[in-house]
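Participant: With the sequence up front, the predicted model follows.
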Amino acid sequence: MQRVIRYLKSHGRALYIGAGCLTALAALLLYRLGSLTTNLSPDESKQQLFSSSWRHLTDNPLNLPYTAVQWVMLHLFSHHGVTVTRLTSVLFGALALVAFAYIVRRWYGVRAAVFGVTLFATSSWFLHVSRFAGVDVLYLWALPTLLAVQIAWERHAKLSWISWAAVATLGLLLYVPGMIWLVILSIGLHPGQLLRSWQHTRRWWQWLVLVVVAALFLAPLLLAFTRHPSLVQTWAGLPAHFAAPGHIVRQLVHSVSFLAYRGPIDPQRWLDRLPILDIFALVMLVLGVFFYARHAWAPRTRQLVGLGLVSAAFFAIGGPVSLSLVVPLAYLIVTAGIGFLLHEWLHVFPKNVLARSVGYTILGLVVGAACIYNLRSYFVAWPHSPSTMAAYRIRHE
């Protein structure tokens, strides 16, 4: 008991801050979750019907992290209302934000991370996907989780349980269509971390645990492939039928233009043709690109470029891969731009407390304005759009 008290005294401030952040996140993701649109959209209703049957999940385990949790939610609560149907997306949205926060804290420092996480958490795309009952949120979760696992694995390679957790998480990521290529790319660009983990796994039982964990997580997927070989194509991120080359090129351009110019036409998940990034985020994105261009040969730059190209390519070919795979990458670069801006400001005023305070205040005000803009876009403008009201027409008794 005394050890617990000492821990609380020494880490009390961090615990209070963490509890406050979790409370704010819960309020953001749960506020009017079931009443903002009142009804489910056709895609949400279809997803609910699929996840309500365990037989569907065993026949087609793709996106199993989402469908299995949603199956539990639907059977845990007898009334399958709109709120219960969307709770799974809220969970994965929160996990995506935690992974994102861990990455930017390690890459860019505390100050840039605070601004970057705030922007990402209040961004319209994050709110749309994290409060929509569909598997799109898996792509929002998958890429930050992959990078966070890689960072944690590299920092704590000597801890066996970290290796086991990393293998288990990678096993879950492989259930997301198209993620196999990003996993291979990340491991291929950093083979040393996997070798170091193997070097620290010296005892036979540690090897056995790794093998058993990998087998348990991959067995349902491999069994489904033997029963339904056609699932392999979808699992690889490929469409059933490839579009014309011109259409693929246009989609490739859209993977960038949707961020800055005109957004997608999808009233179930988005407001008209609004670009995904607001003006401030777009400016920070340009600064982030400039920052990484100055470090073009750094391993992190190569990894982000590789992940971005692969994600955009699979979105362009029109398969199951969602644009939500690209958005977290964009916000990682946005946070890099914020970190670069702060670094340059502090470099000019290294010891001037007043100038430092003014810089933080101005940046905080601009970030706050961007957050208010995105929150109003999602909570006010989107549900009152005629196209949105037409899309959410399925009633639940």
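Facilitator: In hand now; what should we look at? Numbering: from 1, shown residues only.

Participant: Helices along the stretch 101-250 of the chain, start to end?
Facilitator: 110-122, 124-130, 136-155, 160-173, 179-189, 191-200, 204-227, 231-235, 245-260 (DSSP state H, counting those that start in this stretch).

Participant: buried set for the last one?
Facilitator: Put plainly, it is helix 245-260. 248, 251-252, 254-255, 258-260 (16 or more other CB atoms under 10 Å). For the C-beta atoms, the positions are set from N, CA and C on the backbone; glycine is no exception.

Participant: hang on, the earlier thing: right, and the helices of the stretch 101-250 of the chain - which one's nearest residue 298?
Facilitator: helix 179-189 (11.4 Å; CB to CB).

Participant: For the closest one, could you pull out the residues that count as buried?
Facilitator: Residues of helix 179-189 classed as buried: 179, 181-183, 185-186, 189 (neighbour count, 16+ other CB under 10 Å).

Participant: Stretch 26-44 now?
Facilitator: The neighbour-count check on stretch 26-44 (16+ other CB under 10 Å) flags 28-29, 33-34, 36-37, 40-41, 43-44 as buried.

Participant: Pull the distance from it to the chain's centre.
Facilitator: Centroid separation between stretch 26-44 and its chain, computed with CA atoms, centre = their mean, to the nearest Å, is 19 Å.

Participant: List of residues touching that stretch?
Facilitator: For stretch 26-44, the surrounding residues in contact (CB atoms under 8 Å, 6 or more residues apart in numbering) are 48, 81-83, 85-87, 90, 93-94, 121-122, 127, 130-134, 268, 379, 383, 388-389, 391-396.

Participant: let's see it at 6 Å
Facilitator: Stretch 26-44 has contacts (CB atoms under 6 Å, 6 or more residues apart in numbering) with 82-83, 86, 90, 130, 133-134, 268, 383, 391-392, 394-395.

Participant: which of those residues sit farthest apart?
Facilitator: Maximum pairwise distance among the contacts of stretch 26-44 (CB to CB): 23.4 Å, between 130 and 395.

Participant: In CSV, list the buried residues of helix 245-260 along with distance to residue 21 and pLDDT.
Facilitator: Below are those laid out as CSV (distance: CB to CB, whole Å; pLDDT from 0 to 100):
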residue, distance to residue 21, pLDDT
248, 41, 92
251, 36, 93
252, 37, 93
254, 34, 93
255, 31, 92
258, 29, 95
259, 26, 95
260, 29, 92
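
Participant: Kindly indicate which of those residues lies nearest residue 138.
Facilitator: Using CB to CB, those come closest to residue 138 at residue 255, 18.0 Å.

Participant: Next one: that closest one relative to residue 313, how far apart?
Facilitator: 9 Å (CB to CB, to the nearest Å).

Participant: and residue 264, how far is that from residue 254?
Facilitator: For residue 264, the distance to residue 254 equals 7 Å [CB to CB].

Participant: do the same with residue 356
Facilitator: Look at residue 356 and residue 254: by CB to CB, they are 41 Å apart.

Participant: What about the nearest residue to residue 366 once chain neighbours are set aside, how many residues nearby?
Facilitator: Nearest non-adjacent residue to residue 366, counting by CB to CB, 6 or more residues apart in numbering: residue 280, 5.7 Å away. When neighbours are defined as other CB atoms under 10 Å, residue 280 has 19 of them.

Participant: go on, residue 337?
Facilitator: Using other CB under 10 Å, residue 337 has 25 other residues around it.

Participant: Also residue 359?
Facilitator: 18.

Participant: got any ranges where the stretch 101-250 of the chain has weak pLDDT?
Facilitator: Residue ranges of the stretch 101-250 of the chain with pLDDT under 70: 157-160, 191-207, 209-210.

Participant: now do 80
Facilitator: By pLDDT under 80, the low-scoring segments of the stretch 101-250 of the chain are 156-164, 189-215.

Participant: do the same with the stretch 251-397 of the chain
Facilitator: 347-352, 393-397.

Participant: go again using 50 as the cut-off
Facilitator: Residues of the stretch 251-397 of the chain meeting the criterion pLDDT under 50: 396-397.

Participant: all helices in it, in order from the N-terminus.
Facilitator: Using DSSP H, counting those that start in this stretch, the helices of the stretch 251-397 of the chain run over 279-294, 299-316, 327-348, 353-376, 386-391.

Participant: For the third one, C-alpha coordinates in CSV please.
Facilitator: Provided in CSV are the C-alpha atoms of helix 327-348 (Å, rounded to 0.1, in the frame of the first residue of the first chain):
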residue,chain,number,x,y,z
VAL,A,327,-4.9,10.9,-43.1
PRO,A,328,-2.9,9.9,-40.0
LEU,A,329,0.3,10.2,-42.1
ALA,A,330,-0.7,13.7,-43.1
TYR,A,331,-1.2,14.7,-39.4
LEU,A,332,2.1,13.2,-38.5
ILE,A,333,3.7,15.5,-41.0
VAL,A,334,1.5,18.4,-39.8
THR,A,335,2.9,17.8,-36.3
ALA,A,336,6.4,17.8,-37.8
GLY,A,337,5.6,21.2,-39.2
ILE,A,338,4.5,22.5,-35.8
GLY,A,339,7.6,21.1,-34.2
PHE,A,340,9.7,22.8,-36.9
LEU,A,341,8.0,26.1,-36.3
LEU,A,342,8.5,25.9,-32.6
HIS,A,343,12.2,25.0,-33.0
GLU,A,344,12.8,28.0,-35.3
TRP,A,345,11.0,30.3,-32.9
LEU,A,346,12.9,29.1,-29.9
HIS,A,347,16.1,29.3,-31.9
VAL,A,348,15.6,33.0,-32.5
